[in-house]
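coords below, sequence missing:
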């Protein structure tokens, strides 16, 4: 059995891909990555509660939201904010405290930190410093929705949030169009209608399950195609949204044929709206399809569509 020997000067260090020192032995502090309830505070596990109670500090995405959870269980552990806008500036103070031997619990507003939430950066740097990182699993919006979706969940793809901009969002959906596994996505209330409209155009009328405010008082589960969900949603959507989208069940040739039809349809529609101005129509159709004008022009030439 090989036994490493440490210098009397302290742990040996080497440079890593992050450019920070990586210690050859662990330091005494520990970072706990704690999953917290999505909404129903009764979903906090006994182990997570014990970690929150005994930690020296709790790093929170939103201290006000975490305060409600802590108050429910009479936890008095001090908190500090660590969210996507200040995560980098919080790194060194938190890592210093961990290096001094403190036990720090990392939580997000709900679910598991680092999964489409802040936390991954802190975890990576803690590991680089030789700090022990321990998972405390619990609620997950992904698993919660999949369990009641009725869609295949033995294999699935978690995409997190789609791009904010419509063109980039459609481009990403086209990349996912032939994916046969169930797709799981997060979306925001002010973008959900645009996202569903893009899914209708790009993915077609495949089954989708929409979960809003999962585990909370106003939890809503909607099922149907993208077009049907748009009708069911109405206006003034609120709350956090998770989507489970059925995977592609056709063939690659089906996808290519549908893609070609969409390109031609968008081009002809834009040409009619531009009064025959081919240049303007090319720009308009490319924007709607979420591709570059040069790429659209190449596709149209391949499809035998006149562009002059």
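On my side now, so go ahead. Because the structure is a prediction, the values reported are computed rather than measured.

excluding its backbone neighbours, what's nearest residue 66?
Spatial nearest neighbour of residue 66, chain neighbours left out: residue 60 (4.1 Å); criterion: CB to CB, 6 or more residues apart in numbering. Any C-beta I mention is one placed from the backbone N, CA and C, and that applies to glycine too.

which of the helices or strands spans residue 33?
strand 30-34 (DSSP states H and E).

sheet partners, orientation included, of that strand?
strand 103-107 (parallel), strand 132-136 (parallel) (DSSP bridges).

so how far is residue 183 from the residue nearest in space to the middle of the chain?
Residue closest to the average C-alpha location in the chain (CA atoms, centre = their mean): residue 160, at 2.3 Å. With distances taken as CB to CB, to the nearest Å, residue 160 is found 11 Å from residue 183.

could you pull out the helices for the protein?
Remark: helices assigned in the chain by DSSP state H are 46-54, 63-72, 87-99, 120-128, 141-149, 166-176, 192-202, 226-233, 252-273, 278-289, 293-302.

isn't residue 152 right up against residue 180?
No - the criterion here is CB atoms under 8 Å, and residue 152 misses it with residue 180 at 9.3 Å.

low-confidence ranges, the stretch 201-308 of the chain, go.
Scanning the stretch 201-308 of the chain with the threshold set as pLDDT under 70 gives 250-259.

the residue nearest to residue 66: what's it in contact with?
Residue 60 is in contact with 66, 79-83, 107-108, counting by CB atoms under 8 Å, 6 or more residues apart in numbering.

distance check, residue 92 against residue 56.
For residue 92 relative to residue 56 (CB to CB), the value is 17 Å.

neighbour count winner among the two?
residue 56 (16 against 11; other CB atoms under 10 Å).

tell me how far the residue nearest to that one when sequence neighbours are not counted lies from residue 262.
Closest residue in space to residue 56, ignoring its immediate chain neighbours: residue 102 at 4.1 Å, by CB to CB, 6+ apart. Residue 102 sits 56 Å away from residue 262 when distances are taken as CB to CB.

show me the domain layout of the protein.
13-139, 142-245, 252-302 (automatic domain parsing).

sorry, back to before: common neighbours of residue 152 and residue 180, please.
residue 247.

thinking again about what came up before, beta partners for the residue nearest to residue 66?
residue 81, residue 107.

distance of it from residue 127?
21 Å.

residues in contact with residue 232?
Neighbour list for residue 232: 222, 224 [criterion: CB under 8 Å, 6+ apart].

ok, now residue 202?
Per CB under 8 Å, 6+ apart, neighbours of residue 202: 170, 173-174, 177, 262.

can you tell me which of those residues is nearest residue 290?
Nearest to residue 290 out of these is residue 170 (CB to CB; 3.5 Å).

not including adjacent chain positions, what is the nearest residue to that closest one?
Per CB to CB, 6+ apart, closest to residue 170 is residue 290, 3.5 Å.

check contacts around the nearest residue to residue 116 once chain neighbours are set aside.
The shortest distance from residue 116 to any non-neighbouring residue, by CB to CB, 6+ apart, is to residue 160 (4.3 Å). Residue 160 sits next to 115-116, 185-186 when contact means CB under 8 Å, 6+ apart.

by neighbours, which of those wins?
residue 185 (24 neighbours).

what sits opposite the residue nearest to that residue when sequence neighbours are not counted in the beta ladder?
Once flanking residues are discounted, residue 185 sits nearest to residue 243: 4.4 Å by CB to CB, 6+ apart. Judged by DSSP bridges, the bridge partners of residue 243 are residue 185, residue 210.

follow-up on the earlier one: farthest pair in the contacts of residue 60?
80 and 108 (14.0 Å).

which one's more surrounded, these two?
Remark: of residue 80 and residue 108, residue 108 carries more neighbours, 25 against 15, as counted by other CB under 10 Å.

isn't that one up against residue 36?
Yes - counting by CB under 8 Å, residue 36 is a contact partner of residue 108 at 7.0 Å.

just to revisit the earlier point, save the contacts of residue 160 as TSV, and put in pLDDT and distance to residue 298 too.
Below are those laid out as TSV (pLDDT from 0 to 100; distance: CB to CB, whole Å):
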residue	pLDDT	distance to residue 298
115	89	38
116	86	35
185	97	30
186	97	34
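
thinking again about what came up before, for residue 156, which of the helices of the chain is the nearest?
Per CB to CB, nearest to residue 156 of the helices of the chain: helix 141-149, 6.5 Å.

what's in contact with that closest one?
Residues contacting helix 141-149 (CB under 8 Å, 6+ apart): 38, 110-111, 115, 153, 156, 158, 182, 184, 186, 209, 211, 214-215, 221, 240, 242-244.
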